[in-house]
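Q: The sequence and its predicted three-dimensional model are supplied below.
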Amino acid sequence: MDHFLYKDGRLYCEEVALEAIAERVGTPCYVYSRRTLLDHYQRLAEAFAPLDPLICYSIKSCSNLAICRTLAEAGAGMDLVSGGELHRAQLAGVDPARCVYAGVGKTDGEIRQALEASVGWFNVESESEFRTISALAQETSRRCRAALRVNPDVNPGTHRYTTTGKRETKFGVDIERAEAFFETYGRDRNCVLVGIHLHIGSGVNSTEPFVTSMRKICGLIDALVAGGHRIEMLDIGGGFGADYETHQAPPASEYAAQLVPLLLGRVKKGLQIVIEPGRTITANAGVLLLRVLFVKSSGRRRFVICDGGMNTLLRPSHYGAFHFIWPCRVRAEHVPPHRRERMDLAGLVEVDVVGPICESGDFLAQDRHLPPLGRGDLLVVFSTGAYGMVMASRYNSMPLPAEVLVEGRSARVVRHRERYDDLTAHEREPAAIFASDGPRRMLDG
Ligand code: LLP
């Protein structure tokens, strides 16, 4: 259940009217519902409970500390892809031992940081990365565990930018190379290779690619075990879909119904399962609030110009992603039957919803039917909890939006709206690297 509902023509997040938040905090503003967040987390946890998995929330989907803390308190570990995400996980009170660390481009500094923190597993994506982690583990006398990220060559049917499990993406190691990888590195003492990781893509709206890849991976695990290798952990990744439109994605129970039977026998024999969900937990737990600045026509097109665009929400312009958009306050006849269902078009106007950024690619929706809008109206962009704020930029020198977390009747600002000072904070004291006089030499400090 998503706790964003219209009451008397006004949209509420749990028991707080979104208009009231916009008045106090301004726009653009991301608003998250704690109840919705936890509902989605619990649904997934319950569905996969027979496997007793470690649920590593994928921080990259929504990395605000308040969100991370909420999920950590509910029992989640974290899926990390950078030193910055490890830093956030630690600030949120997550035990690094309950974290997995993936990513194709880990720097030496980040590897040292993760060794120092004793992260649960490094999800290793190449031979060269493995050798580097092993060498740094030896150098720092910090033994670590690793899982090999395997690319099963399965098409997840997602946007090509979020497809990772097909051959010839930069992620993981081809499944055909996995046995040789274990032969070469499987007995390393510094970096102990005891797991398999896969993540086939993000926003996978059917169960079939998961099943196909899991069958391939189970075959691989059997071959590795027959070859004398110990496999303690299988990280099946994230990628479960979210309902951007009603019933677009299978519910958590459906993914689990397909995957649990494939893995249960192995779990009973001691295999630890890890899952890395992001979007399925956070997408519908957040909305973006925008104010309409102007409405204008250009030829036959009608533009609703808002105070946030591709700088606040990149997904429509980058992936052509659909987000349901609707006014915060509507007349009775325009209350959507369900907020993501398409409506009877009577009384609606066809518009493009765009932002203030100086690019024609700056749009949030095109050819969309909305109730008539005017200057000052509040718009809500739904299902923006995942990959919304985290992908926001300061392009055109627009300060980053505020973030608010609602719980019941209370609302807290969990990230302040940036000010102009924040835009220039790192530019205030230019620091010389090379002297301009005489031979080029490094300056101290
Ligand atoms: N695990 C790994 C290794 C990942 O790379 C990702 C996402 C996840 C887990 C979480 O996937 P999720 O459960 O959220 O689908 N910016 C794109 C999505 C990029 C996903 C990147 N990796 C979007 O807005 O759709």
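A: Done, it's in.

Q: counting contacts, what elements does the helix or strand residue 265 falls within pack onto?
A: Residue 265 is part of helix 252-268, with elements assigned from DSSP states H and E. Applying 3 or more C-beta pairs under 8 Å, 6 or more residues apart in numbering; DSSP states H and E, one finds that helix 252-268 makes contact with helix 34-48, helix 208-226. Quick note: C-beta positions are derived from backbone N, CA and C, even for glycine.

Q: need those helices in a markdown table with distance to the ligand, mean pLDDT and mean neighbour count, can you?
A: A markdown table is the format used below for the helices and strands packed on helix 252-268 (distance: least, C-beta to the nearest ligand atom, whole Å; pLDDT from 0 to 100; neighbours: other C-beta atoms under 10 Å):
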| stretch | distance to the ligand | mean pLDDT | mean neighbour count |
| --- | --- | --- | --- |
| helix 34-48 | 10 | 98 | 20 |
| helix 208-226 | 12 | 96 | 17 |
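
Q: So what are the structural domains in this structure, by residue number?
A: Taking automatic domain parsing as the domain assignment, the ranges for the chain are 4-30+283-423, 34-281.

Q: Need the per-residue pLDDT for residue 339.
A: Predicted confidence (pLDDT) at residue 339: the value is 50.

Q: Select, out of the domains of the chain, the one closest to residue 429.
A: domain 4-30+283-423 (13.5 Å; C-beta to C-beta).

Q: so residue 10 sits right up against residue 19, yeah?
A: Yes. Between residue 10 and residue 19 there is a contact at 6.2 Å, judged by C-beta atoms under 8 Å.

Q: which residues are common contacts for the two?
A: 328, 329 (C-beta atoms under 8 Å, 6 or more residues apart in numbering).

Q: So which of the domains of the chain is the most surrounded?
A: Mean neighbours per residue, mean count of other C-beta atoms under 10 Å, is largest over these for domain 34-281, with a mean of 20.

Q: Check the separation of the first and last residues in that one.
A: Domain 34-281 has an end-to-end distance of 11 Å (C-alpha to C-alpha, to the nearest Å).

Q: With stretch 407-416 instead?
A: Span of stretch 407-416 from end to end, C-alpha to C-alpha: 18 Å.

Q: Run the chain-centre distance for it.
A: Taking C-alpha atoms, centre = their mean, to the nearest Å, one finds the center of stretch 407-416 at 21 Å from the center of the full chain.

Q: now do stretch 319-337
A: 23 Å.

Q: quick one: contacts of that stretch?
A: Contacts of stretch 319-337 (C-beta under 8 Å, 6+ apart): 6, 9-11, 18-19, 22, 159, 161-162, 244-245, 289, 313, 315-316, 339-340, 343, 347-348, 353, 364-365, 368, 370-371, 373, 377-384.

Q: quick revisit: dump the domains of the chain to a markdown table, plus distance to residue 432.
A: Converted to a markdown table, these look like this (distance: least, C-beta to C-beta, whole Å):
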| stretch | distance to residue 432 |
| --- | --- |
| domain 4-30+283-423 | 23 |
| domain 34-281 | 23 |
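
Q: Helix, strand, or coil at the residue nearest to residue 396 when sequence neighbours are not counted?
A: Nearest non-adjacent residue to residue 396, counting by C-beta to C-beta, 6 or more residues apart in numbering: residue 357, 5.3 Å away. Three-state assignment for residue 357 (DSSP: H, G, I helix; E, B strand; the rest coil): coil.

Q: Touching, residue 95 and residue 77? I think so.
A: Yes. Taking contacts as C-beta under 8 Å, residue 95 lies within contact range of residue 77: 7.4 Å.

Q: Isn't residue 41 up against residue 278?
A: No. Using C-beta under 8 Å, residue 41 is not in contact with residue 278; the gap is 11.2 Å.

Q: any residues in contact with both of those two?
A: In contact with both residue 41 and residue 278: residue 57, using C-beta under 8 Å, 6+ apart.
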